[in-house]
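S.K.: Here is the input, now give the coordinates:
(4 chains)
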Number of protein chains: 4
Amino acid sequence: MIIVMQGNATEQDIEDVVKRVEKFGYAAKVLSGELRTVIAALGDARDKERLQSLESLNHVESVMPILKPYKLCSREVRAEKTIIDVNGVKIGGKKLVVMAGPCSVESQEQLTETGNSVKKAGAEILRGGAFKPRTSPYSFQGMEEEGLKLLKEVSEATGMPFVTEVMNPREVELVHRYADIIQIGARNVQNFSLLKEVGKMEKPILLKRGLATTIDEWLMSAEYILSEGNDKVILCERGIRTFEKATRNTLDLSAIPVVKEKSHLPVIVDPSHGTGYWQYVETMSLAAVAAGADGLMIEVHWKPEEAFSDGPQSLKPEKFAALMDKVRKVAESVGREA
Amino acid sequence: MIIVMQGNATEQDIEDVVKRVEKFGYAAKVLSGELRTVIAALGDARDKERLQSLESLNHVESVMPILKPYKLCSREVRAEKTIIDVNGVKIGGKKLVVMAGPCSVESQEQLTETGNSVKKAGAEILRGGAFKPRTSPYSFQGMEEEGLKLLKEVSEATGMPFVTEVMNPREVELVHRYADIIQIGARNVQNFSLLKEVGKMEKPILLKRGLATTIDEWLMSAEYILSEGNDKVILCERGIRTFEKATRNTLDLSAIPVVKEKSHLPVIVDPSHGTGYWQYVETMSLAAVAAGADGLMIEVHWKPEEAFSDGPQSLKPEKFAALMDKVRKVAESVGREA
Amino acid sequence: MIIVMQGNATEQDIEDVVKRVEKFGYAAKVLSGELRTVIAALGDARDKERLQSLESLNHVESVMPILKPYKLCSREVRAEKTIIDVNGVKIGGKKLVVMAGPCSVESQEQLTETGNSVKKAGAEILRGGAFKPRTSPYSFQGMEEEGLKLLKEVSEATGMPFVTEVMNPREVELVHRYADIIQIGARNVQNFSLLKEVGKMEKPILLKRGLATTIDEWLMSAEYILSEGNDKVILCERGIRTFEKATRNTLDLSAIPVVKEKSHLPVIVDPSHGTGYWQYVETMSLAAVAAGADGLMIEVHWKPEEAFSDGPQSLKPEKFAALMDKVRKVAESVGREA
Amino acid sequence: MIIVMQGNATEQDIEDVVKRVEKFGYAAKVLSGELRTVIAALGDARDKERLQSLESLNHVESVMPILKPYKLCSREVRAEKTIIDVNGVKIGGKKLVVMAGPCSVESQEQLTETGNSVKKAGAEILRGGAFKPRTSPYSFQGMEEEGLKLLKEVSEATGMPFVTEVMNPREVELVHRYADIIQIGARNVQNFSLLKEVGKMEKPILLKRGLATTIDEWLMSAEYILSEGNDKVILCERGIRTFEKATRNTLDLSAIPVVKEKSHLPVIVDPSHGTGYWQYVETMSLAAVAAGADGLMIEVHWKPEEAFSDGPQSLKPEKFAALMDKVRKVAESVGREA
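M.R.: Numbering: from 1, shown residues only, chains lettered A, B, ... in the order given. The predicted model follows:
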């Protein structure tokens, strides 16, 4: 940490800060500049937030952190990229992994038809929501365990592992019993109770970025899971909230190179939520692949205009198949496979 | 809902939309303009989101909602303001209610000293965190049940009811047993499992606005609680996330008149999280009162520079007392009491 | 500046940075921590941006500024508050100054009626746009010099000085000939050519904050004007652009205490653009006064429903008069006058 | 326009709105729903903003536009894509156009060396700033006409046309005399005086998106230029301002498919400003190409660590050459050339 004193700080103020820094267990070095005195607190900042409280002292202008707060998910702790194996499907390797399926599980027919078509087009993981986080209590809340059973059934019939969301710590065990990958949704990215709970599970966790989550905070949420013992975390960029309303969210593809520089965890992209309109999904899928994403998560529905949720952003099966062809070409052009 | 067709939509496209609108149970009226045809779907939009899915049809340009999605918390359902009684302290009436105390409960001494001082200065509700949502898993996570016991003890000693946060549905019953008001934090504003759970409780719920939550979404989260049967919801504006970093968040005081126009629920303001710096807390408290807030929630710590969390935004007891004097004057100037 | 080296930086990398820092004319001090080496560049950072370019060197993690970039508008250069005299009306003193009038000058009748009514209610400065920055080239662009003449006429008839916007460096002299205060609009806050031009003028400049302008950048724009010799700058907070759409902009009232801490310049608030709806203007005016604003700028129109621009956010004269009564009470409650 | 009445609007209120709508020259159709009455104002909305003012009437809930405000730059007016010819270099066709060079022109040697290297790597347009918009008045403001001369010289020596920014209407003629493409920077995207002035020129205009400009507003700024008679506008996405600070801006690549759907104008991407760090420029260039960009604008500097501005985001010539090789592969994979 670097502690910057105000221009009018006295010797006494500076000494006071030095003493407190040392009391917290750090070495303190004082640097006197022409206009400001700066105090460096040296040491591994396990207790960083307590140093931050020094900002409330008289004549302290600011306290600036030097080290990133995450450890286990950082490249400094593990230089090589993590590859996660989901029943034989490897996420984070040379081959991109595409996850596809409907927003919500609605019926056996819907899931079977959609599942078969995405499998045929080249998807390797089935997606579908059984517990749905809906803005309105009056909206369809999901088929719950019945939905999990349908997912299991179609997963077994097609040979694709499946990913589905969990929202409630009470339901983690239930979802874990059925799912191959457990999804933490954007609205729960800082639901720390839930993060701790899935951190104790064995199956891989797909952690979506939140609407207002910085990349550093997102990695800290991954750190919660890793610090509980589960190191199989897949990050998923799905757009952030900005002033722009031509798209549902603003898909932040620059998060891919940033995450890859800082962390060893694989990162995939969800262009369906990222854009909110099926017209833009193909283009942004290709862009995500060129940007180095390790995979894609795409909403496909056999009849989008009748979908219980997220119809406008769902692709029809034939559009998804066309997309997969293009994804393969772009993947190859950047030295990957799909 | 208003469905706007693209300029090149055919008679056939329009008929298709009309049929689907009617199939969903609405009356459809077609309006042909010079450049666009517009279809109005008339009827109470319980199933609004399914109408939204029509956006994925050919030649539909957009689907625009007419009605607000919330009902129980709206002024249309209940015109007069809701007043919530917490052991005799009335929130939402003429008198402003100030909630004060430390960010985290850290020790008996800390809580007792701080509690006594805020009581003396005029606070009516004690605040303090026992379960703490922390960005880092390595930060202090709260004293948990031990913290609840200390809160109960100081609450009884001072005669102030207390408010404390719950993060996990599994802990709702435990917190409900101790607390007088249950707080849902900003990061859990769309944790729908938790909202449903506290909606089944009897005690009042303080619902903070999230960092990226629109006012409409915030009211929909309140609607979750009301729709489960608990109509004692206190809204709390605590700043939203923007590009500006001179303050920790951007306190959106205009949310107060907007909420009051749309909803009958009381709304208070947390200028501590809203600004992130104790220097700005007094000013923004006064502004909140002038803007019509029904109360304030303020972090006070007997030794901010040693706080386990949020030291930079915590007021010392004497600064809090000075603030209370000014709050009373501004309250009076807008026809309120404090 | 503090230069943070990456964890794997070598002695050679560090030496290279030190040499470059010294070449730019700073003293360099090296601090070796457990995990990072930090180099402090000491000296007045006139050439700060060139130091920032060191970030592109191998093994440099980041370059962090210590000093704020503004000087002339800072409290360090001038501790006491600046008071600006506009033909006897003092801005920045104990008495709040209210500027009021229509968004656009539309006709003599409109301006005269509106001007008389705001004067009667207690406004001291007349506002009105003659050159209008409009998002659409097809919208009313203002009455131009004809509008300036009407403003002058009503200004003389009522005895109120007037403020009006200039958009084009070519028109600065013309506007300066008529106006008492020259306004730089939100969209031109970083129009540096225009800032330099008005910096050479004698009359006071009202500088609005931009939609995406940080407080630091806003003060740097003021610095442009001051550095050209014109030290009569009035800052005007008018809302920033965020994800929230219930209001036209998000009025950032915390900018008031932040600006007052950092700068000696007076700061006023425009709640009309800040909220975009007349219903919220009164409330946010009172909040601005409680937050310490030195004045208000409010759009008033004799017939808002027929306004050429900004009708929805314009107050009728009788609503403005009621607002002024309340403003006076709140001003008094915080030790000011209005 | 759709005018939504409040639930408690009377027959009288509705009639009043209808009369005003008709007075503005529109046909009015009234639709009475269960909970709301809606009035459609039919006709080409040249005077849309005056309709918006009806929002200030009693019992009007909201006024919602149906038509997009831009015309000349829309696909409805011109279905086929615009291709702009700059001395033989075609922008908007099958072949991508890469513009490269330093942020600022600093010296003959710097520009010659950098210009030669980008030409050799495959750039077709030279970029370089002679008039620099700098946040601080104390920063390097550009070499002005001297810089234009150096650009002309290197442009002629290499055979690459050049693009450079103009900031002041007074300097439009001067810059137009030298430059092949005139750039309007992000901070001037709503400098309407400047837009009108360059709209009267003959040479192509490169119009950057602003930090807080919605896509609709950006297209309206293009509309200003087109409506003055200059239809050679190249749009340039360069990142918007969000809460995320890991990158300098958030590059909004979804703007590419959105713009292409709505407008016939070519759109290119500036990943240098978009990310702010050279490490991310290559990746985001590839993503932009996959997303359908018609070109790229990239900052290259022979010695980034000594750059007068934007060093951290400038590529060294050899890194730029490597990027060009990859760009060609991705372009081919999406059916383009580079």
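S.K.: Export the longest helix anywhere in chain A to PDB, keeping only CA atoms.
M.R.: Determined from DSSP state H, the single longest helix within chain A is helix A:317-333. Provided in PDB are the C-alpha atoms of helix A:317-333 (Å, rounded to 0.1, in the frame of the first residue of the first chain):
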ATOM      1  CA  PRO A 317     -31.700 -24.200 -34.700                       C
ATOM      2  CA  GLU A 318     -30.900 -23.600 -38.300                       C
ATOM      3  CA  LYS A 319     -29.400 -20.200 -37.500                       C
ATOM      4  CA  PHE A 320     -27.300 -21.800 -34.800                       C
ATOM      5  CA  ALA A 321     -26.000 -24.400 -37.200                       C
ATOM      6  CA  ALA A 322     -25.000 -21.700 -39.600                       C
ATOM      7  CA  LEU A 323     -23.200 -19.900 -36.800                       C
ATOM      8  CA  MET A 324     -21.300 -23.000 -35.900                       C
ATOM      9  CA  ASP A 325     -19.900 -23.200 -39.400                       C
ATOM     10  CA  LYS A 326     -18.600 -19.700 -39.200                       C
ATOM     11  CA  VAL A 327     -17.300 -20.200 -35.700                       C
ATOM     12  CA  ARG A 328     -15.100 -23.100 -36.900                       C
ATOM     13  CA  LYS A 329     -13.600 -20.900 -39.600                       C
ATOM     14  CA  VAL A 330     -12.700 -18.000 -37.300                       C
ATOM     15  CA  ALA A 331     -11.400 -20.400 -34.600                       C
ATOM     16  CA  GLU A 332      -9.100 -21.900 -37.200                       C
ATOM     17  CA  SER A 333      -7.900 -18.500 -38.300                       C
END
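S.K.: near chain B, anything from that helix?
M.R.: No: for helix A:317-333, no contact with chain B is found by CB under 8 Å from any CB of the partner chain; the gap never falls below 10.6 Å. For every residue, glycine as well, the C-beta is placed using N, CA and C.
S.K.: Would you mind checking the average pLDDT for that helix?
M.R.: Helix A:317-333 carries an average pLDDT of 98.
S.K.: Equivalent analysis for stretch A:209-228, please.
M.R.: 97.
S.K.: Give me the contact status of that stretch with chain B.
M.R.: Yes: residues of stretch A:209-228 contacting chain B under CB under 8 Å from any CB: A:210, A:211, A:212, A:217, A:220, A:223, A:224, A:227, A:228.
S.K.: near chain D, which of those residues show up?
M.R.: Near chain D, by the rule CB under 8 Å from any CB, you find residue A:212 out of the residues of stretch A:209-228 next to chain B.
S.K.: I'd like to know which of the residues of stretch A:209-228 next to chain B is nearest to residue D:167.
M.R.: Closest to residue D:167 out of the residues of stretch A:209-228 next to chain B is residue A:212 (33.8 Å), distances taken as CB to CB.
S.K.: what's around that closest one, how many residues?
M.R.: Look at residue A:212: counted by other CB atoms under 10 Å in any protein chain shown, it has 25 neighbours.
S.K.: What separation is there between it and residue A:281?
M.R.: 23 Å (CB to CB, to the nearest Å).
S.K.: export stretch A:172-179 as CSV, just CAs?
M.R.: Extracted in CSV, the C-alpha atoms of stretch A:172-179 (Å, rounded to 0.1, in the frame of the first residue of the first chain):
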residue,chain,number,x,y,z
VAL,A,172,-27.0,-26.7,-4.2
GLU,A,173,-27.0,-30.3,-3.3
LEU,A,174,-30.0,-31.1,-5.4
VAL,A,175,-28.6,-29.3,-8.5
HIS,A,176,-25.2,-30.9,-7.9
ARG,A,177,-26.8,-34.3,-8.0
TYR,A,178,-28.1,-33.8,-11.5
ALA,A,179,-25.8,-31.2,-13.2
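S.K.: Now do the strands in chain A.
M.R.: A:2-5, A:27-32, A:37-42, A:60-64, A:84-86, A:89-91, A:97-101, A:125-127, A:162-165, A:181-184, A:205-208, A:233-237, A:267-269, A:295-299 (DSSP state E).
S.K.: Identify whichever of the ones you listed lies nearest to chain C.
M.R.: strand A:37-42 (4.3 Å; CB to the nearest CB).
S.K.: Retrieve the pLDDT associated with residue A:58.
M.R.: 80.
S.K.: what about the lowest-mean-pLDDT helix or strand in chain A, near chain C?
M.R.: The weakest-scoring helix or strand in chain A, judged by mean pLDDT, DSSP states H and E, is helix A:48-52 (a mean of 80). No: against chain C, helix A:48-52 shows no contacts by CB under 8 Å from any CB, the least distance being 12.5 Å.
S.K.: Nearest to chain B among the strands of chain A would be which one?
M.R.: Distance to chain B, taken as CB to the nearest CB, is lowest for strand A:60-64 among those, at 7.9 Å.
S.K.: quick one on the thing from earlier: turn the strands of chain A into a markdown table, columns for distance to residue B:178 and mean neighbour count.
M.R.: Output for the strands of chain A, formatted as a markdown table (distance: least, CB to CB, whole Å; neighbours: other CB atoms under 10 Å in any protein chain shown):
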| stretch | distance to residue B:178 | mean neighbour count |
| --- | --- | --- |
| strand A:2-5 | 38 | 22 |
| strand A:27-32 | 41 | 16 |
| strand A:37-42 | 37 | 22 |
| strand A:60-64 | 34 | 18 |
| strand A:84-86 | 41 | 18 |
| strand A:89-91 | 44 | 20 |
| strand A:97-101 | 43 | 28 |
| strand A:125-127 | 41 | 27 |
| strand A:162-165 | 32 | 26 |
| strand A:181-184 | 29 | 24 |
| strand A:205-208 | 32 | 26 |
| strand A:233-237 | 34 | 27 |
| strand A:267-269 | 41 | 27 |
| strand A:295-299 | 41 | 28 |
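S.K.: Now tabulate the ones you listed in CSV and tack on distance to chain D.
M.R.: Putting those into CSV (distance: least, CB to the nearest CB, whole Å) gives the following:
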stretch, distance to chain D
strand A:2-5, 17
strand A:27-32, 23
strand A:37-42, 22
strand A:60-64, 13
strand A:84-86, 22
strand A:89-91, 19
strand A:97-101, 16
strand A:125-127, 21
strand A:162-165, 24
strand A:181-184, 20
strand A:205-208, 16
strand A:233-237, 11
strand A:267-269, 10
strand A:295-299, 13
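S.K.: May I have the predicted confidence score for the residue nearest to residue A:37 when sequence neighbours are not counted?
M.R.: What sits nearest to residue A:37 in space, not counting adjacent residues and going by CB to CB, 6 or more residues apart in numbering or on different chains, is residue A:5, at 4.5 Å. Residue A:5 carries a pLDDT value of 93.
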